[in-house]
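Student: Below are the sequence and a predicted model; questions follow.
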Amino acid sequence: MIDEPQSQIMLKPGNNHTLKCHAKGEPSPRFQWLKDSVKIDAENYKGKIAIEHSGSSDSKLTFYGFDASLEGLYECQAENPLGTTKSVGTKVTIPYLDDKFGPMDELVHVADLTSPDLNCSPPRGNPRPTISWQKDGRPLQLDGVHFSTNNNGEVLTIEKVNVSQHQGLYTCVASNIAGERISPQIKLVIEKPPMFIKLPPKQLTYNEGMNFTIPCEVTGANSVSWHTDVQQAILDTQQVFENQEDDSMVVLRAKVSYSGTYTCMAKNDVGQAEASSKIIIQPAVDTNILVAPESQTWYSGFTGTLDCRTKDQIITWTTPQTKTTKEELIAGQFSAYGKYYVTSEGTLFVYDVNANDQGTYTCKNGISAVEKSSMRTAKAVVEKQMGNPAPLIQLGSSDQRIVSGGHIVLLCEGSSTEKVTISWSKDGQPFRAAESSRYSLEESGTLIIKNAIMSDAGEYTCTAKSPSGTTNQSSSLEILAKGGIGQSYPVEMLPGPPATAPYTSFVNTSCVHLHWAPPVLNQHLIRYYRIEHYIYGLQSWTTVQSHIKQPESWICGLRPGRTYLFVARAMNDYGYGHASPISHEITLMDLFPELDESMIPMLSERVQDRLDKSDVRVLEPVPVTPTSLRVSWTVLRYPTLVKGFRLHFASSTHYPLSSTSDFVIIANPSERTPCADRSTTLDHLQRVGAAL
């Protein structure tokens, strides 16, 4: 055998392949081709194989087909009377690629900033298929930095994933000369481990019998649960329970035995986070006053309120001495001429405040109490008109967990029509940024800490102060040896302000229904909202409700007759953003006792005066059809005296309203209880608009 065919060939579609054999002998040899050691009869292959002998020393076998039946080991055999010889076998294969991929993940949850592997189980094929990857149907560029592969492309590694760049649908593509197969999709979902926006305070102290709430403001959690080292047998589940609305722990009528550590644990598919509060319940103090009145500012023409709760629930209020009177009132009493009213719970209302109402008010437990433990005082200052509100912290910090050596930004931007000064404290002590070159205080009020060390951890409080008041906002900073982020999230990652100021669709003596528009950009990334309010006369903005899931909320537990301002904030995975524009002044309805016949003469001299001050507010009209509107309004003061309404309206082309405007008269219901919130539908209006 002088010339033998190659040891291996692969048949390819559309191509003819030939095996050649050259042998010499004397006498001349006769050639025979074998497949898997069996002599080949070309006629059995129906034109797929042709055998041709050339002269006395050459033979060739040509493949004209492309069929699995042609696979095998082919040999050229030469023989004459003196002997037989065979060539080295030629392995003939057919390219193929199976249809089915092996088992693969359909859904992969990974944590933000990790480097996950996506695995491909390609189908069998000959030759072995090469693997490429696609994301969202487009070829993925492997740069070796952000995306890289190993194990012949079957493992795709993505470095430090983030939602905006890497979340999506991935497929692997297996290909060889037999074709191409695309795998089922792998959905990569990138999540952050749960993160506390506001950590529960590390320690809280309350008196026995008090009600309180332990907050747990967390984002990115699929489940939130509470655990405590207090024995379950001690806890009354009617008094200690989780609030499913905002994930807080509620404790009612606290007992000393409830003292212990309460831990909030948040979990999702990629991790968990927990934080604890140590709760100390002190035995009841030696006082008969449970809630003491708070000194404050009132405004002429509005209503003043003072709260007081006593141990024996027998409350007496003493008003300031004036030139003509000094009154004492007990719970449930409505004074002569309707100036004062004390609710059954003990709240004092002072109606139509004027300069004579300024002074010291005293709340006593009982009628004739003289001991200091049974009485408390509060001073009311009366001003002619409402001034500027306290400064609003337009943008503040959320709680942060930063790795040691990291870069920290504690935001604090105050907003007011007056000059605002910003100061900081840490763990209740003044913080002096000038003491270290690692600290710097920007003009906006933001505090910068470079190269964080363990002792930087603590609770930081930003104080915004103006002539009209002071507002505080606190955030917790935790420094970790490992596992935290390297620097504070950029401001650009926080949500923008809600697009509108909060506005009301309902007002009564203790509740408002607020609405606002979401931020203009990235509304789908908003997790929650928070509402803060300012009460004129109390000089500080405070958070009243958080964990609000929709851009609307009922805010209750407010003070009757008092005037409020509201702002809303949006929260995403990185914290709370800028405050919305400030709402208009919203005055709650006064709380009056049920009027009976004996009280009517007492108020007769002042009815018209109070009706003049009833303060009717038209709420946002709602279009019903192209020619009709649903109009609603509320009576913020003295609704019990209102017998009906006259609603004026005119085409906007005739605005302002004149004596020729149309009007409708709406009678109040005949029931004795006031109906302060009313509505009606105006029909057959012009399409050009209307003024109310």
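Tutor: Received the coordinates, thanks.
Student: Show me the shaky parts of the stretch 451-600 of the chain.
Tutor: Flagging of the stretch 451-600 of the chain using pLDDT under 70 yields the residue ranges 483-484, 594-600.
Student: can you give me the helices in it?
Tutor: 600-603 (DSSP state H, counting those that start in this stretch).
Student: try the chain
Tutor: For the chain, the helices defined by DSSP state H occupy 163-166, 600-603, 607-612.
Student: lowest-confidence stretch among the ones you listed?
Tutor: Of all the helices of the chain, the minimum mean pLDDT falls on helix 600-603 (a mean of 55).
Student: now the stretch 1-150 of the chain, which segments are flagged as low pLDDT?
Tutor: Across the stretch 1-150 of the chain, the ranges flagged by pLDDT under 70 are 1-3.
Student: show me what contacts His109?
Tutor: For His109, the contact set (Cβ atoms under 8 Å, 6 or more residues apart in numbering) comprises 189, 191, 269-270. Glycine gets a C-beta too; all of them are placed from N, C-alpha and C.
Student: Pull out the buried members of those.
Tutor: Listed as buried from the contacts of His109 are 191, 270; burial here means 16 or more other Cβ atoms under 10 Å.
Student: want to throw the contacts of His109 into JSON lines with distance to Ile214 and pLDDT?
Tutor: What follows is the contacts of His109, written out as JSON lines (distance: Cβ to Cβ, whole Å; pLDDT from 0 to 100):
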{"residue": "Val189", "distance to Ile214": "31", "pLDDT": "92"}
{"residue": "Glu191", "distance to Ile214": "26", "pLDDT": "86"}
{"residue": "Asp269", "distance to Ile214": "26", "pLDDT": "86"}
{"residue": "Val270", "distance to Ile214": "26", "pLDDT": "86"}
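Student: Name the nearest of the contacts of His109 relative to Ser415.
Tutor: Relative to Ser415, the closest of those is Glu191; by Cβ to Cβ it sits at 33.8 Å.
Student: so what's the closest residue to the closest one other than its chain neighbours up against?
Tutor: Nearest residue to Glu191 in three dimensions, chain neighbours excluded: Val270, at 4.9 Å (Cβ to Cβ, 6 or more residues apart in numbering). Neighbouring residues of Val270 by Cβ under 8 Å, 6+ apart: 109-112, 191-193.
Student: From those, list just the buried residues.
Tutor: Using 16+ other Cβ under 10 Å as the burial test, those include 110, 112, 191-193 as buried.
Student: how distant is stretch 106-125 from the center of its chain?
Tutor: Stretch 106-125 has its C-alpha centroid displaced from the chain centroid by 28 Å (Cα atoms, centre = their mean, to the nearest Å).
Student: Then stretch 135-149?
Tutor: Counting by Cα atoms, centre = their mean, stretch 135-149 is centred 31 Å from the centre of its parent chain.
Student: can you give me the end-to-end distance of that stretch?
Tutor: One end of stretch 135-149 to the other measures 14 Å (Cα to Cα, to the nearest Å).
Student: that older thread, same list, the contacts of Val270, but as CSV with distance to Asp307 please.
Tutor: Below are the contacts of Val270 laid out as CSV (distance: Cβ to Cβ, whole Å):
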residue, distance to Asp307
His109, 49
Val110, 51
Ala111, 47
Asp112, 46
Glu191, 44
Lys192, 42
Pro193, 42
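Student: Going by distance to Val382, which of those wins?
Tutor: Closest approach to Val382 among the contacts of Val270 (Cβ to Cβ): Lys192, at 51.4 Å.
Student: what's next to stretch 474-486, contact-wise?
Tutor: Contacts to stretch 474-486, defined as Cβ under 8 Å, 6+ apart, come from residues 198-199, 396-408, 410, 452-454, 456-462.
Student: Which among those count as buried?
Tutor: 198-199, 396-402, 404, 406, 408, 410, 452, 456-462.
Student: Mind checking which of these are in strands?
Tutor: Those of the buried ones among the contacts of stretch 474-486 mapping onto strands are 198, 396, 400-402, 404, 406, 408, 410, 458-462, per DSSP state E.
Student: Quick one: end-to-end distance for stretch 556-570.
Tutor: Distance between the boundary residues of stretch 556-570 (Cα to Cα) amounts to 20 Å.
Student: Name the residue closest to the centre of the chain, please.
Tutor: With distances taken as Cα atoms, centre = their mean, Arg527 lies nearest the centre of the chain, 1.9 Å away.
Student: thinking that residue is in contact with Asp573, fair?
Tutor: Yes - contact status for Arg527 versus Asp573: in contact at 6.8 Å, counting by Cβ atoms under 8 Å.
Student: Are there residues contacting both of the two? Which ones?
Tutor: Common contact partners of Arg527 and Asp573 (Cβ under 8 Å, 6+ apart): 219-220.
Student: any idea how far Pro560 is from Cys511?
Tutor: Distance, Cys511 to Pro560, using Cβ to Cβ, to the nearest Å: 10 Å.
Student: In the stretch 251-400 of the chain, what residue spans correspond to strands?
Tutor: Remark: strands assigned in the stretch 251-400 of the chain by DSSP state E, counting those that start in this stretch are 260-268, 271-282, 289-291, 296-299, 304-306, 309-310, 315-318, 328-330, 340-342, 348-350, 359-365, 375-383, 392-396, 400-410.
Student: got the angle between the second one and strand 400-410?
Tutor: Angle of strand 271-282 versus strand 400-410, following axes from the mean of the first three to the mean of the last three Cα atoms, to 10 degrees, is 80 degrees.
Student: who does strand 271-282 touch, helix- and strand-wise?
Tutor: Strand 271-282 is packed against strand 195-198, strand 203-207, strand 260-268, with contacts defined by 3 or more Cβ pairs under 8 Å, 6 or more residues apart in numbering; DSSP states H and E.
Student: Specify the angle between it and strand 260-268 in degrees.
Tutor: When the same axes, to 10 degrees is applied, the directions of strand 271-282 and strand 260-268 differ by 160 degrees.
Student: Would you give the sheet partners of strand 271-282, along with the direction of each?
Tutor: Under the criterion DSSP bridges, strand 271-282 sits next to strand 203-207 (parallel), strand 260-268 (antiparallel) in its sheet.
Student: would you turn those strands into CSV with distance to Thr471?
Tutor: Written out in CSV, the entries for the strands paired with strand 271-282 read as follows (distance: least, Cβ to Cβ, whole Å):
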stretch, distance to Thr471
strand 203-207, 21
strand 260-268, 26
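Student: For those strands, please prepare a markdown table with the additional fields mean pLDDT, mean neighbour count and distance to Val218.
Tutor: Listed next are the strands paired with strand 271-282 as a markdown table, based on pLDDT from 0 to 100; neighbours: other Cβ atoms under 10 Å; distance: least, Cβ to Cβ, whole Å:
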| stretch | mean pLDDT | mean neighbour count | distance to Val218 |
| --- | --- | --- | --- |
| strand 203-207 | 87 | 14 | 18 |
| strand 260-268 | 93 | 19 | 4 |
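Student: For Pro389, find the nearest of these.
Tutor: strand 203-207 (28.6 Å).
Student: Just the CA trace of the closest one, in PDB.
Tutor: The C-alpha coordinates for strand 203-207 follow below in PDB (Å, rounded to 0.1, in the frame of the first residue of the first chain):
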ATOM      1  CA  GLN A 203     -32.900  52.300  72.500                       C
ATOM      2  CA  LEU A 204     -36.300  53.600  73.500                       C
ATOM      3  CA  THR A 205     -37.600  54.400  76.900                       C
ATOM      4  CA  TYR A 206     -41.300  54.600  77.700                       C
ATOM      5  CA  ASN A 207     -43.400  54.800  80.800                       C
END
